[in-house]
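Q: Just a sequence and a predicted model for now, questions to come.
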Amino acid sequence: MNYISTRNNQKDFSFKDVFLKGLADDGGLFVPKSIRQLKKDQLENFKSLSYNELAAEIIYPFIGDFMSKNKLISLISKSYSNFRSKEVVKISNLGNLKVLELFHGPTLAFKDIAMQLIGNFYQYHLGQDQKKINIIVATSGDTGAAAIDALKGKSNLNVFVLHPNNKISPVQRRLMTIHEDSNVFNIAIDGNFDDCQNLVKAMFNDEKFSKAINMSGVNSINWARIIAQSVYYFYAYFKVGNGKPLSFCVPTGNFGDIYAGYLAKKLGLPVDKLIVATNKNDILHRAISGGDYTQKKVEETNTPSMDIQIASNFERLLYDVKDCDSEVTKDVMSKIKNNSYKIDKNDLDKIKKNFISEMLDENETVEMIKIINNEHKIVVDPHTAVGIGAARKLGLEKNCIVLSTAHPCKFPQAIEDAISRTEDLPDSLNYVYDRKEKFELLPNEIEKVKGYVMNSI
């Protein structure tokens, strides 16, 4: 399969290019040049597969030039061997609503599902090419911990994680900063997540710098993460669906997790609506409901992983909406950068064929955690509560699956506000409270960050 950039569809790339680069040199995002829809008999055959078997079938067509199918099967098995659920994910019932639990990996968040596999992809590549790789990633809370767990201790590889100082939960931070591996570097940026993300993009776009350090990235813009995450949409559908289309409600800030659902739909999975659930940093809700794609000031909330105003993966959808015209997409992204873009009615109608949206504020989120606990005797994290609340607000609880993206123990304050108690870490992770933290506090200045990276490698 060949890939192109959303800002230049005249140049082809292999999966290896796409995986290692993360972001195209022109600033665009990689997408397949074309996608072959799965046939009905293929989908029928997938129904009886285990999660690992299904993952191999979905992922292999996208990466066939990178490794053999047998090697992929082996790496999938290795990647998910340390998950607390044998089938990687679990499905629970909340009345008519189904909840897809994605937090059974080593750092208690859905990011583990893609990141563990990506870590093994890097190790496989470095077995073929010994040139050292420096991975730089921004996190709004969960990506950093998942990346570090997947990449720590690996030879010929460093991982630098930028997180917004004092703007993620203490548990999220500790899951990143307690590691003593010599290839792990944590950087607390004096700013918000969008600042962290912009710093990483600036380093990617500085061709001289990125090539000098052999830079790579594992943020949600990396196509490998999208294809890995699309698998659990198929798995959930086969476990819950009865042949009819299902809707999926996804708490999201960067549009990566829900774009994976869109990819599943493009591949032929019977998906009705993809519901974007946001907090009051609601650029995606404003965009999808009324075309308003202007950025506002990021506000801190009890759902920090969605405290984002630049939804990077939305560019991939806009490329589709603009009939895969990379020049038009490039112009749109320029307007977005200048904060002057509004989605026109024609494009909005195209988006609404697949997507709808809703938002919950902080009080509604706390109330939803309380309601779910009262009604079903379970505790959900605040991001999952936003997803459940959005489905309820829209009256779409029937034939709908909400993606539960993190374990509630990662957000003790929100849980305590809702039900006057907190959830404990799994026993296997209690050590995170005992170990000393290690991170560097840096200003939101690109030259200072680049200097730190250069001095560390």
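A: Nice, thanks for sending it over.

Q: all helices for the stretch 251-400 of the chain, in order.
A: Per DSSP state H, counting those that start in this stretch, the stretch 251-400 of the chain carries helices over the ranges 256-266, 283-290, 314-321, 326-337, 345-352, 362-376, 382-393.

Q: In TSV: those helices, plus distance to Ile59.
A: The way it works is simple: take the backbone N, C-alpha and C, and place the C-beta from them, glycine included. Shown next, in TSV, are the helices of the stretch 251-400 of the chain (distance: least, Cβ to Cβ, whole Å):
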stretch	distance to Ile59
helix 256-266	11
helix 283-290	26
helix 314-321	18
helix 326-337	26
helix 345-352	27
helix 362-376	33
helix 382-393	25
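
Q: among those helices, which is nearest Asn399?
A: Closest to Asn399 of the helices of the stretch 251-400 of the chain, according to Cβ to Cβ: helix 382-393, at 10.4 Å.

Q: Please export the alpha-carbon coordinates of the closest one; CSV is fine.
A: Presented in CSV, the C-alpha positions along helix 382-393 are these (Å, rounded to 0.1, in the frame of the first residue of the first chain):
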residue,chain,number,x,y,z
PRO,A,382,-14.4,11.5,33.7
HIS,A,383,-13.6,11.1,30.0
THR,A,384,-15.7,8.0,29.8
ALA,A,385,-18.4,9.9,31.6
VAL,A,386,-18.3,12.6,28.9
GLY,A,387,-18.8,9.9,26.3
ILE,A,388,-21.8,8.3,28.1
GLY,A,389,-23.3,11.8,28.8
ALA,A,390,-23.0,12.7,25.2
ALA,A,391,-24.8,9.6,24.0
ARG,A,392,-27.5,10.2,26.6
LYS,A,393,-27.9,13.9,25.6
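
Q: that older thread, among the helices of the stretch 251-400 of the chain, which is the most enclosed?
A: Highest mean neighbour count among these (mean count of other Cβ atoms under 10 Å): helix 382-393, with a mean of 27.

Q: helices or strands up against whichever helix or strand comes after that helix?
A: Remark: after helix 382-393, the chain's next helix or strand is strand 400-404, criterion DSSP states H and E. With contacts taken as 3 or more Cβ pairs under 8 Å, 6 or more residues apart in numbering; DSSP states H and E, strand 400-404 sits against strand 97-101, helix 223-240, strand 246-251, helix 382-393.

Q: Let me see the ranges of the strands in this structure.
A: Remark: strands assigned in the chain by DSSP state E are 3-5, 8-13, 30-32, 90-94, 97-101, 133-138, 157-164, 184-189, 215-216, 246-251, 271-278, 355-359, 400-404, 440-442.

Q: Need phi/psi at the spatially closest residue to Lys297 that is not a sequence neighbour.
A: The shortest distance from Lys297 to any non-neighbouring residue, by Cβ to Cβ, 6 or more residues apart in numbering, is to Gln309 (7.7 Å). Note on Gln309: its backbone torsions stand at phi -120, psi 0 [degrees, to the nearest 10].

Q: Could you check stretch 86-106 and say which residues are buried?
A: For stretch 86-106, a neighbour-count test (16 or more other Cβ atoms under 10 Å) marks 88-91, 94, 97-106 as buried.

Q: Out of the residues you listed, which two are the most distant from each other?
A: Leu97 and Pro106 (27.5 Å).

Q: Confirm for me that Arg84 is in contact with Asp427.
A: No: assessed by Cβ atoms under 8 Å, Arg84 is found out of contact with Asp427, at 10.7 Å.

Q: Between those two, point out the one with more neighbours.
A: Higher neighbour count among Arg84 and Asp427: Arg84, with 14 against 7, using other Cβ atoms under 10 Å.

Q: Please name the nearest non-neighbouring residue to Val276.
A: Looking at Val276 with Cβ to Cβ, 6+ apart, the closest residue is Ser357, at 4.0 Å.

Q: Distance-wise, check Val254 relative to Ile378.
A: Careful, residue 254 is Asn and not Val. As for Asn254, its distance to Ile378 is 27 Å (criterion: Cβ to Cβ, to the nearest Å).

Q: So between those two, which is more surrounded?
A: Taking other Cβ under 10 Å, Asn254 and Ile378 do not tie; Asn254 has more neighbours (25 against 12).

Q: To Leu263, which of the strands of the chain lies closest?
A: Closest of these to Leu263 is strand 30-32, at 9.0 Å (criterion: Cβ to Cβ).

Q: Which strands or helices does that closest one pack on?
A: Strand 30-32 sits against strand 3-5, with contacts defined as 3+ Cβ pairs under 8 Å, 6+ apart.

Q: one more time with 10 Å
A: In terms of contacts (3 or more Cβ pairs under 10 Å, 6 or more residues apart in numbering; DSSP states H and E), strand 30-32 is packed against strand 3-5, helix 15-21, helix 223-240, helix 256-266, helix 314-321.

Q: thinking again about what came up before, burial of the residue nearest to Val276, as a residue count?
A: Using other Cβ under 10 Å, Ser357 has 25 neighbouring residues.

Q: Contacts only, for it.
A: By Cβ atoms under 10 Å, 6 or more residues apart in numbering, Ser357 lies in contact with 249, 252, 258, 273-278, 282, 284-290, 351, 390, 394.

Q: quick one: which of the helices and strands packed on strand 400-404 is nearest Tyr124?
A: helix 223-240 (11.9 Å).

Q: quick one, the closest one and strand 400-404 angle?
A: Per axes from the mean of the first three to the mean of the last three Cα atoms, to 10 degrees, the angle that helix 223-240 makes with strand 400-404 is 130 degrees.

Q: Tell me how far the closest residue to Gln123 other than its chain neighbours lies from Tyr124.
A: Spatial nearest neighbour of Gln123, excluding adjacent residues (Cβ to Cβ, 6+ apart): Lys154 at 5.7 Å. Relative to Tyr124, Lys154 is positioned 11 Å away (Cβ to Cβ).
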